[in-house]
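In: Can you look at this prediction? I've put the sequence above it.
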Amino acid sequence: MLTVQELNQEFGNSEIRFYTDSHGMACAELNNPMGKAKIALHGAHLMSFIPKDQEAVLWMSEKSYFEAEKPIRGGIPICWPWFGGHPCDSNMPSHGFARLFTWEPVASGNCDNEATFLELALTPSLIADKLRTNDFLVKLRVEVNDKLSAALIIDNTSDKDLSYSAALHSYFNISDIAKIKISGLDGKAFIDTLDDTRHVQQGDITFAAETDLVYLDTEDTCVIDDPGFKRKIKISKFGSRSTVVWNPWDAKAQRMPDFGNNEYHKMVCVETTNAKADARTLAPGECHNLQVIIESETEG
Ligand code: BG6
């Protein structure tokens, strides 16, 4: 792994700076005139997105771990190559291994639309031996201007099929979970993971208890309407036909060591996923993009 100084020489420019944060983690700051983002190389973990003159769009827990082989709580964890529990081995880590290891920067610069971009890659050589299976090349391409785009590009570089589920497990910063509503999923079928029952969404989603829902067969954009922060966060996606909506509420928050007891008031997850029947199998040489585009519109 290159030092922060070497990363700055190879991938830094006037809008991208690598640094070591207060936890000793190597991070990159993307400073576009229209918006700023911070990414930890650990997990290629987007920890912050702040459009110009706005509140932070992503939520981070004050109790998060920032340690090797532990996930960061908040921002956008990358869940890959499985979402939730491992399909057949309960000893494997929740939500896959991509969020547990340090990714390598591979490209940076400016796009035609003047967004600042950084690409990070994960290959089998960067993860623990016990977790290695297929060969793969997974990249996260982050683009920042007034919007944030995160694209997980999965390339099956092996000579056998690569099956996986995945999520861009986005945590959003909200004024009050009891006052927001989420539109975009009206009429969609969902599985309530808390009791494994199936339902159909009626109208907007509101919150009054623990919520853990997997929406099926949906490519639609969701909007978080937050009257307290006077803004709407628009979450558009590509390469995804499932969406997960999660808030742990109080009891589950208390059981999670890396989540503050009262923090559930201030966050909601709307996750761009390939989950359940939307899990994917790539033949050798095949590639798939799972992309989320996040935009915040303020009133007035
Ligand atoms: C959500 C799941 O996506 O992630 C929840 O639907 C889970 O069931 C949550 O509790 C957090 O998972 P983790 O592994 O980051 O604690």
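Out: That came through, no problem. Everything numeric here is computed off the predicted structure, so don't read it as measured data.

In: Just the buried positions in stretch 221-237, please.
Out: Neighbour counts over stretch 221-237 (16 or more other C-beta atoms under 10 Å) mark 222-224, 226, 229, 231-237 as buried. For glycine as for every other residue, the C-beta is placed from the backbone atoms N, C-alpha and C.

In: Could you pull out the strands in the stretch 101-250 of the chain for me?
Out: Here the stretch 101-250 of the chain has its strands, by DSSP state E, counting those that start in this stretch, at 104-110, 116-122, 137-144, 147-155, 162-164, 166-168, 171-173, 181-183, 189-192, 197-200, 211-216, 222-226, 231-238, 242-247.

In: Now for Gly84: which residues touch it?
Out: The contact partners of Gly84, by C-beta atoms under 8 Å, 6 or more residues apart in numbering, come to 94-95, 165, 275.

In: For whatever residue of the stretch 1-150 of the chain ends up closest to the ligand, which non-adjacent residue is spatially closest?
Out: Proximity of the stretch 1-150 of the chain to the ligand (C-beta to the nearest ligand atom) peaks at Ser94, 3.5 Å away. Distances taken as C-beta to C-beta, 6 or more residues apart in numbering put Gly85 closest to Ser94, at 6.3 Å, once the chain neighbours are dropped.

In: Next, Ile39: secondary structure please.
Out: Using DSSP: H, G, I helix; E, B strand; the rest coil, the structure places Ile39 in strand.

In: Check the contact between Lys252 and Glu210; I expect there is one.
Out: Yes. Here Lys252 lies in contact with Glu210, judged by C-beta atoms under 8 Å, at a distance of 5.6 Å.

In: Stretch 180-195: end-to-end distance?
Out: Stretch 180-195 has an end-to-end distance of 24 Å (C-alpha to C-alpha, to the nearest Å).

In: Also stretch 117-127?
Out: End-to-end distance for stretch 117-127: 24 Å, by C-alpha to C-alpha.

In: How about stretch 274-285?
Out: So stretch 274-285: terminal residues 19 Å apart, C-alpha to C-alpha.

In: got the contact list for that stretch?
Out: Among residues not part of stretch 274-285, those counted as contacts by C-beta under 8 Å, 6+ apart are 83-84, 154, 156-167, 191, 214, 216, 239-242, 244, 288, 290.

In: try stretch 6-20
Out: 2, 4, 26-32, 105, 107-110, 116, 118.

In: CA atoms only for it, dumped as CSV, please.
Out: C-alpha atoms of stretch 6-20 as CSV (Å, rounded to 0.1, in the frame of the first residue of the first chain):
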residue,chain,number,x,y,z
GLU,A,6,2.8,8.7,-2.5
LEU,A,7,-1.0,8.7,-3.0
ASN,A,8,-1.0,12.4,-3.2
GLN,A,9,1.8,12.3,-5.8
GLU,A,10,0.0,9.7,-7.9
PHE,A,11,-3.7,10.5,-7.5
GLY,A,12,-3.9,13.9,-5.8
ASN,A,13,-4.7,17.2,-7.6
SER,A,14,-6.2,20.6,-6.7
GLU,A,15,-9.5,18.8,-5.9
ILE,A,16,-8.3,15.5,-4.3
ARG,A,17,-6.2,15.3,-1.2
PHE,A,18,-5.2,12.1,0.7
TYR,A,19,-4.5,12.4,4.4
THR,A,20,-4.4,10.4,7.6
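
In: Can you point out the buried residues in that stretch?
Out: 7-8, 11-12, 15-18.

In: Check what pLDDT the nearest residue to Lys230 once chain neighbours are set aside gets.
Out: In space, and not counting its chain neighbours, Lys230 is closest to Glu299: 4.4 Å by C-beta to C-beta, 6+ apart. Per-residue pLDDT puts Glu299 at 85.
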